[in-house]
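> Got a predicted model here, sequence first, then my questions.
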Amino acid sequence: MEYLVTMTTHVPAGTPDKAVDDIRAREAAHTRELAAQGHVLRLWRPPLAPGEWRTLGLFAAADAADLERVLAPMPLRIWRSDEIEELTSHPNDPAPMPSSPRFPESAEEATEFLVTFTPAVPEGTPAHDVEDAKAREAERASELAKQGNLTRLWALPAKQGVSSALGLWRADSGREMQAILESLPQYPYLRTRTTPLSPHPSDPAVPGSREGDQ
């Protein structure tokens, strides 16, 4: 199973800088061990407000209990709260991500984005229009995957009877990302939320990832 974990750290006021630096160093080392074991697949930074300390992580575990066993020993867990989303297979997912992914140099230059898709069909829309768009969506997703824009696509657990999807994308800019989304046949029938991602120093997908904080 794969999981998206939002990790938010709150360092207690008055904590000595040396103690923070020590835990950050141990966190980076432990993260490399988890990556080698196939549990940490990706790490990113989302947009942060001043003073915020958050990381998004793509984890692999057998189940929720196994994931907790992976997260619990992480050194920063003493100051950290984790929000977990279970990710399941989506029919338009281009391919499973290997445990130690490597990407072409040109792809690394692009910005990555996480995009959440939630159905939002306008009232009165003919059902056959929605079904036609859904049928064409798979072909368009395949095209975008071959172009290097779509990396992964997952289904999210249904909330209040509504099933959403989560995609990992690449584009040269936010403007290009929006244009890509608008090219999707289902775009008129979806509500999207786009999160630009920044590189994380401990991301196992980056060759020679260096030590860094969470």
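Nice, I can see it.
> so where's the chain shaky on pLDDT?
96-108, 207-214 (pLDDT under 70).
> rerun at 80
By pLDDT under 80, the low-scoring segments of the chain are 95-109, 160, 206-214.
> what are the ranges of the helices in this structure?
Here the chain has its helices, by DSSP state H, at 17-36, 64-71, 105-108, 127-146, 174-182.
> Just list the residues touching the spatially closest residue to Leu56 that is not a sequence neighbour, thanks.
Distances taken as C-beta to C-beta, 6 or more residues apart in numbering put Trp44 closest to Leu56, at 4.7 Å, once the chain neighbours are dropped. Every C-beta, even on glycine, is put in place using the N, C-alpha and C of the backbone. For Trp44, the contact set (C-beta atoms under 8 Å, 6 or more residues apart in numbering) comprises Thr55, Leu56, Gly57, Glu112, Leu114, Leu197, Ser198, Pro199, His200, Asp203.
> was I right about Thr9 contacting Arg54?
Yes: between Thr9 and Arg54 there is a contact under C-beta atoms under 8 Å: 7.3 Å.
> rewinding a little: can you list the helices of the chain in TSV and add mean neighbour count?
Listed next are those as TSV, based on neighbours: other C-beta atoms under 10 Å:
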stretch	mean neighbour count
helix 17-36	15
helix 64-71	15
helix 105-108	11
helix 127-146	14
helix 174-182	15
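> of those helices, which approaches Trp79 most closely?
helix 17-36 (7.7 Å; C-beta to C-beta).
> Compute the number of surrounding residues for Leu76.
22 (other C-beta atoms under 10 Å).
> and Glu83, how many neighbours does it have?
Neighbours of Glu83 under the rule other C-beta under 10 Å: 11.
> Likewise for Thr6?
So Thr6, with other C-beta under 10 Å, has 14 neighbours.
> Looking at Thr9 and Arg54, which one has more neighbours?
Between Thr9 and Arg54, counted using other C-beta under 10 Å, the more crowded position is Thr9 (20 against 17).
> All set, thanks.
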